[in-house]
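Q: predicted model follows, preceded by the sequence.
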Amino acid sequence: MYDYSNKTVFVSGGTSGINLGIAHAFAKAGARVAVMSRKQEKVDAAVEALKARGGDAIGYAADVRDYTAVDAAFKDVASRFGTLDVLISGAAGNFPSPAMGISPNGFKSVVDIDLLGTFHVVRAAFPYLTKPGASVINISAPQAWIPMDFQMHVCAAKAGVDMVTRVAALEWGAVGIRINSIAPGPIEGTEGMKRLAPNERANELITQSVPLGCYGTTDDIAEAAMWLSSPMARYITGVVLPVDGGWSLGGVSAMSMGLKKAMGG
Ligand code: COA
Ligand code: NAP
């Protein structure tokens, strides 16, 4: 349905789960795809799988907390693939813990990966984004605007991510760059949900709290990313788009209580 041939797409954290699903969807639609994450073996496996789609792919082993490494990856990809038409910033970390169980370093780790990492990625990418025309998507979460038990660090970090989106939209509209957030709901088979719903009871409670009555898939998020990056969404910038089956409509009662019960609280 979408044609991304001759387009370059960069996905940070693009070596597993939701972000790898997004990378595959763009590769299938003809794009040259670059992925970046910490572990070389995950990067190699993702690049191999993306190349098997028939297109060009490249990978970088880098930690989004390391600005120098992130900057070097963008320089390199631009020299090989040209300017970037689509940037997805999706690297993140999460673990469920009551606030008093999170050490200062635990809080800092998540904020540094999610929020500072997002700033590093969008800042380092900016010189290489196609102007006008590039689309940037930061991967957020409903925790960004809904307080959730055991998620103080993630709520704080993702709220910041959405402010990066909104402020950049204000500043970068003038050069023709759109930037939005996608906030996935519970997505089946992902590392994130393995951590937040570690057993069958937790899965049931989460499913019951989604108005559409089921988990989402990585394809659901990839479809939204492809649409949001396409000319069909040319007048959309600075939004936070929930792709969550209506999960976040239930607010604190659905999300926070579901997670609390799931965690035995
Ligand atoms: N509960 C409480 N604290 C925890 C924790 C948990 N389940 N898991 C990690 N931490 C704390 C550690 O104890 C450490 O704090 P300390 O130094 O005071 O002991 C701090 O978090 C950093 O841990 P470390 O493993 O050194 O960090 P890291 O930078 O290597 O990894 C994480 C970051 C913790 C987020 C790790 O889980 C990760 O790499 N996640 C990526 C994958 C992921 O989360 N996917 C889901 C995305 S939604
Ligand atoms: P995932 O598979 O663990 O994806 C995280 C990716 O980020 C991996 O590729 C990981 O690879 C990389 N990464 C982690 N820390 C990094 C760092 N410091 N530097 C560079 N890369 C790093 O998790 P997921 O569940 O699919 O989540 C993907 C995104 O969706 C995240 O932004 C998450 O917050 C968001 N989200 C997920 C859900 C859900 O239901 N799963 C719901 C809402 C929002 P390495 O280990 O190799 O670094």
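A: Received the coordinates, thanks. Ligands and ions are numbered 1, 2, ... in the order given.
Q: if I pick the closest residue to ligand 2 within the chain, what's in contact with it?
A: The chain approaches ligand 2 most closely through Gly17 (2.1 Å), counting by Cβ to the nearest ligand atom. The C-beta positions use only the backbone N, C-alpha and C, and glycine is treated the same way. Counting by Cβ atoms under 8 Å, 6 or more residues apart in numbering, Gly17 touches Ile187, Gly189, Thr190, Glu191, Gly192, Thr218.
Q: repeat that with 10 Å
A: Neighbouring residues of Gly17 by Cβ atoms under 10 Å, 6 or more residues apart in numbering: Gly90, Ala92, Pro184, Ile187, Gly189, Thr190, Glu191, Gly192, Met193, Lys194, Thr218, Ile221.
Q: top of those residues by neighbour count?
A: When neighbours are taken as other Cβ atoms under 10 Å, the top entry among those is Gly90 (30 neighbours).
Q: so it sits against Val9, correct?
A: No. Assessed by Cβ atoms under 10 Å, Gly90 is found out of contact with Val9, at 11.9 Å.
Q: what residues do those two have in common as contacts?
A: With Cβ under 10 Å, 6+ apart as the test, Gly90 and Val9 both reach Ile22, Ala23, Val35, Ala225.
Q: I'd like the distance between the first one and ligand 1.
A: It stands for Ile22. The gap separating Ile22 from ligand 1 is 14 Å, by Cβ to the nearest ligand atom, to the nearest Å.
Q: enumerate the residues of the stretch 151-265 of the chain near ligand 2.
A: For the stretch 151-265 of the chain, the contact set with ligand 2 under Cβ under 6 Å from any ligand atom comprises Pro184, Pro186, Ile187, Thr190, Glu191, Gly192, Met193.
Q: could you do the stretch 1-150 of the chain as well?
A: 13, 15-19, 37-39, 42, 63-65, 90-93, 113, 117, 139, 141.
Q: which of those count as buried?
A: Taking 16 or more other Cβ atoms under 10 Å as the criterion, what is buried in those is 13, 15-19, 37-38, 42, 63-65, 90-93, 113, 117, 139, 141.
Q: out of the residues you listed, which sit inside helices?
A: Gly17, Ile18, Asn19, Lys42, Gly117 (DSSP state H).
Q: of the residues you listed, closest to ligand 1?
A: Nearest to ligand 1 among those, with distances taken as Cβ to the nearest ligand atom, is Gly17, at 7.2 Å.
Q: CSV for the shared contacts of Gly90 and Val9, including secondary structure, pLDDT and neighbour count?
A: Formatted as CSV, those follow (DSSP: H, G, I helix; E, B strand; the rest coil; pLDDT from 0 to 100; neighbours: other Cβ atoms under 10 Å):
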residue, secondary structure, pLDDT, neighbour count
Ile22, helix, 98, 31
Ala23, helix, 98, 32
Val35, strand, 98, 30
Ala225, helix, 99, 29
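Q: for those, which two are the farthest from each other?
A: Val35 and Ala225 (14.0 Å; Cβ to Cβ).
Q: tell me, what's touching those two both at once?
A: Contacts common to Val35 and Ala225, judged by Cβ under 10 Å, 6+ apart, are Val9, Val11, Asn19, Ile22, Ala23, Ile88, Gly90.
Q: how about the residues of the stretch 101-250 of the chain by ligand 1?
A: Counting by Cβ under 6 Å from any ligand atom, the positions of the stretch 101-250 of the chain adjacent to ligand 1 are Gly101, Ile102, Ser103, Asn105, Gly106, Ser109, Val110, Glu191, Gly192, Arg195.
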